[in-house]
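Colleague: Pasting the sequence and the predicted coordinates here, then a few questions.
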Amino acid sequence: MSPRSVRGWFAAALVMVPLVVAVLGPLLPYDARPGLPYSSEGALGTDGLGRDVLGLLLVGGRSALGMAIGAVVLAYVVGGLIGLTAASTRHRWLDEGMMRPLDVLLPLPSLLVISVVAVGWRASALAITVAVAMVNVPTVARLVRAAALDAASGPVVEALRMQRESWCTIQLGYVGRSVLGPVAADLGTRITLAVFLVASVNFLGLGLSPTAPDWAVSVSRNREGLLLQPWSVLAPALLLVSFTLGFNLLADRLVHRSRRLVDSAR
Amino acid sequence: MRSYAAQRAGLAVVQLAVLSVLVFVLTSLLPGDAADLRFTETLTPSQVAALRGELGLDQPPVERFVHWLGNVLTGDLGTSLISGGPVVDIVRHSIGATLVLTLATLAIVVPLAVALGIVMGTRENGRVDRTITSITLALSAIPDFVIAVVLVAVFSLKLGWLPATWIGGNLLSSPALLILPIAVLFGRTVCLLSRQVRAGTVAALNAEYVTQARRLGIPRRQLLLRHVLPNAAVPGVQELARTGDTLLGGVLVVEAIFAIPGFATALVDGVETRDIPTVQGLTLVLAIAALLINLGADLVCNRLVPRTALLR
């Protein structure tokens, strides 16, 4: 294997390990026995409340990663539709009417919005997910619009229109596909950012309840015990970092690859 | 140039108007208000209703908004429902620590990021570039609070070199208090910024006008400083405006971890106690700050590389 593909597999593995733990963890028949606070009983010891760290890790990934991934998917559905419509419409007022309001929203500090929503609907994972999605919608819409503009005004779309293809076939089938490259590159950094936002809100104690097994909440709750029982903090932190680092590396590779494609096409 | 500035300022005014409505709507939407959060245990429902009337919480939202906006325009952010003092005082007391933290971080980050970005960009794909790129890529993937927790454990709990939490006193007179918080904020911002400056430098170096300038025999130093840097700075300045958002999130986390009585701490307290006027005041000040940073960044970019079509 070339060094390049080795690095690719390494990045993929970094993403897959936390993902597998998060998805399959809750299904494992793991017998978590409570013990003394910060003791070394069990595979990874216990946390500040005497709970088994490994047992918590196995069930804490769904909220930590699920909320972030859900938010990014939602942001792409809403922002992507806005961006595609704005890029493909022949009415300038519709384009302006959809993109201008988003320009106005851009400078709104994201953690602020999410904190207010998170506290208002305390412990509601859905509310936090929607809030994280909404602060991402303006930038996603901009990105998709910019990426779709060339394809949407090209001769292929004209031809498809003349053949009376439906809006869905043209936009999602043809224009949407041409957007995939930039979107894939953006996805890595955006997921990282979403994980950060969700984790920060939970870390601050504004989101999920302070006893939730969520990885970010675990880091926050056990931080005084870092020297007593390092794994109670380091294990959830490492899983979070592995996920974001892996996505960052993958995104970086995608950016390089698309740039090489563009260069070779010239 | 002037018409661009006027256009951009016009957009900022519209943004300000929309943001003030948004701030009010978002904070008003919070379920449960200060009246029933604080007093349900000690007061009867009729007393709670009376208190709500006193606080103006029973009026229709539109009326409350007009009232609030009128006061804000005259510089009155209202009265805190918890402390009973003016919100302006809360803003004044908490803004200092946050400003010191943010400005000190930026003072270190910006020069370093520009230098790193140029070093990387002028050695595109060389060993130095690849090494720094890998390090920044890895560093930017670590959440602020993880860095903070580890730094505190190592440098204050284990080694005892630096204070772990705010112990009172002035941030400026005891710089030791600032070292760990800034170290936390430093990592991600420097990575994000230097990557943008690098990309800008690479793009500028490959541009035709630089090739032309080289042919004319302009010395390398002058070429870099006078011709490449202004163009390379554009993505950097725009990223700096966006970094404001990242930095604010970081400041929120850092203030919570180190128990620094700044803006974020006041905000979190206000949200938790449903002290709506305080939350509204603080949020508005933050939103205006973010707005001004964006406005400034766009104007600086336009000055560096005048283009007419920056606004669609």
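Modeller: That came in fine, so what should we check first? Computed from a prediction, not measured in an experiment: that's the story for all the values here. Residues are numbered from 1 along each chain as shown, chains lettered A, B, ... in the order given.
Colleague: B:G70 - how many residues pack around it?
Modeller: Using other Cβ atoms under 10 Å in any protein chain shown, B:G70 is surrounded by 10 other residues. To be clear about C-beta, it is placed using only N, CA and C from the backbone, and glycine gets the same treatment.
Colleague: Ok, A:L24 next?
Modeller: A:L24 has 11 nearby residues by other Cβ under 10 Å.
Colleague: Likewise for B:R242?
Modeller: Close neighbours of B:R242, defined as other Cβ under 10 Å, add up to 18.
Colleague: How about A:W93?
Modeller: Around A:W93 there are 8 residues (other Cβ under 10 Å).
Colleague: how close does it get to A:G188?
Modeller: 35 Å (Cβ to Cβ, to the nearest Å).
Colleague: before we move on, what about A:N222?
Modeller: Distance of A:N222 to A:G188, given as Cβ to Cβ: 29 Å.
Colleague: So the two - more neighbours on which side?
Modeller: Between A:N222 and A:G188, counting by other Cβ under 10 Å, A:N222 is the more crowded of the two (28 against 23).
Colleague: quick one: pLDDT of that one?
Modeller: Note on A:N222: pLDDT of 78.
Colleague: And for the closest residue to it other than its chain neighbours, the neighbour number?
Modeller: Spatial nearest neighbour of A:N222, chain neighbours left out: A:S232 (4.2 Å); criterion: Cβ to Cβ, 6 or more residues apart in numbering or on different chains. Residues lying near A:S232 (other Cβ under 10 Å) number 29.
Colleague: before we move on, what about A:G173?
Modeller: By other Cβ under 10 Å, neighbour count at A:G173 equals 12.
Colleague: so how far is B:A153 from it?
Modeller: As judged by Cβ to Cβ, A:G173 and B:A153 stand 53 Å apart.
Colleague: Can you classify B:I142 by secondary structure?
Modeller: coil (DSSP: H, G, I helix; E, B strand; the rest coil).
Colleague: Pull up the gap between it and A:I69, please.
Modeller: 19 Å.
Colleague: what bits of the chain have low per-residue confidence?
Modeller: Picking chain A for this. Chain A contains residues with pLDDT under 70 at A:1-4, A:30-35, A:37-40, A:42-44, A:48, A:50, A:104, A:106-108, A:119-123, A:255-266.
Colleague: that's the other chain; I wanted chain B
Modeller: B:1-2, B:27-59, B:81-82, B:157-158, B:160-176, B:245, B:305-312.
Colleague: Which residue, other than its chain neighbours, is closest to B:L223?
Modeller: Nearest non-adjacent residue to B:L223 (Cβ to Cβ, 6+ apart): B:A213, at 5.7 Å.
Colleague: just to confirm, which helix or strand has the one you found in it?
Modeller: Using DSSP states H and E, B:A213 maps to helix B:208-215.
Colleague: what do you get for B:N125?
Modeller: B:N125 belongs to no helix or strand, assigned by DSSP H and E.
Colleague: Torsion angles phi and psi at it?
Modeller: Note on B:N125: its backbone torsions stand at phi 60, psi 10 [degrees, to the nearest 10].
Colleague: Same question for B:P86.
Modeller: The phi and psi values for B:P86, taken as degrees, to the nearest 10, are phi -70, psi 140.
Colleague: what residues are up against the closest residue to it other than its chain neighbours?
Modeller: Nearest residue to B:P86 in three dimensions, chain neighbours excluded: B:T79, at 5.9 Å (Cβ to Cβ, 6+ apart). B:T79 makes contacts with B:85-87, B:277, as judged by Cβ atoms under 8 Å, 6 or more residues apart in numbering or on different chains.
Colleague: Residue 83: neighbour count?
Modeller: Just so you know, I chose chain A. Other residues close to A:G83 by other Cβ under 10 Å number 27.
Colleague: um, chain B though
Modeller: 14.
Colleague: again, but for B:G270
Modeller: Using other Cβ under 10 Å, the number of residues around B:G270 comes to 27.
Colleague: how close does it get to A:V116?
Modeller: Taken as Cβ to Cβ, the span from B:G270 to A:V116 is 10 Å.
Colleague: Now do the shared contacts for those two.
Modeller: Joint contacts of B:G270 and A:V116 (Cβ under 8 Å, 6+ apart) are B:V279.
Colleague: Which positions in the longest helix belonging to chain B come out as buried?
Modeller: Counting by DSSP state H, the longest helix found in chain B is helix B:87-122. Within helix B:87-122, the residues that count as buried by 16 or more other Cβ atoms under 10 Å in any protein chain shown are B:87-88, B:90-91, B:94-95, B:97-98, B:100-102, B:104-106, B:108-110, B:113-114, B:116-122.
Colleague: hmm, that helix in reach of chain A?
Modeller: No: with Cβ under 8 Å from any Cβ of the partner chain as the threshold, helix B:87-122 lies outside contact range of chain A, at a closest distance of 12.4 Å.
Colleague: could you point out which element follows that helix?
Modeller: That would be, after helix B:87-122 and using DSSP H and E, helix B:127-139.
Colleague: and that following helix, what other elements does it pack with?
Modeller: Contact partners of helix B:127-139 among helices and strands, from 3 or more Cβ pairs under 8 Å, 6 or more residues apart in numbering or on different chains; DSSP states H and E: helix A:231-265, helix B:87-122, helix B:176-205.
Colleague: Kindly calculate the angle that that helix makes with helix B:176-205.
Modeller: With axes from the mean of the first three to the mean of the last three Cα atoms, to 10 degrees as the basis, helix B:127-139 and helix B:176-205 are set at 130 degrees to each other.
Colleague: Keeping just the C-alphas, turn helix B:127-139 into PDB.
Modeller: What follows is helix B:127-139, C-alpha atoms only, in PDB (Å, rounded to 0.1, in the frame of the first residue of the first chain):
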ATOM      1  CA  ARG B 127       8.700  19.200   4.500                       C
ATOM      2  CA  VAL B 128       8.100  22.300   6.800                       C
ATOM      3  CA  ASP B 129       4.700  22.900   5.200                       C
ATOM      4  CA  ARG B 130       3.600  19.300   5.600                       C
ATOM      5  CA  THR B 131       4.800  19.100   9.200                       C
ATOM      6  CA  ILE B 132       3.100  22.300  10.300                       C
ATOM      7  CA  THR B 133      -0.100  21.400   8.400                       C
ATOM      8  CA  SER B 134      -0.300  18.000  10.100                       C
ATOM      9  CA  ILE B 135       0.200  19.600  13.500                       C
ATOM     10  CA  THR B 136      -2.400  22.300  13.000                       C
ATOM     11  CA  LEU B 137      -4.900  19.700  11.500                       C
ATOM     12  CA  ALA B 138      -4.500  17.500  14.500                       C
ATOM     13  CA  LEU B 139      -4.700  20.400  17.000                       C
END
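Colleague: and the angle from it to helix B:87-122?
Modeller: 150 degrees.
Colleague: Now do helix B:127-139: distance to the chain's middle.
Modeller: 25 Å (Cα atoms, centre = their mean, to the nearest Å).
Colleague: buried set for it?
Modeller: Buried positions in helix B:127-139, judged by neighbour count with 16+ other Cβ under 10 Å: B:129, B:132-133, B:136-137, B:139.
Colleague: could you point out which element follows it?
Modeller: The helix or strand immediately downstream of helix B:127-139 is helix B:144-151, counting by DSSP H and E.
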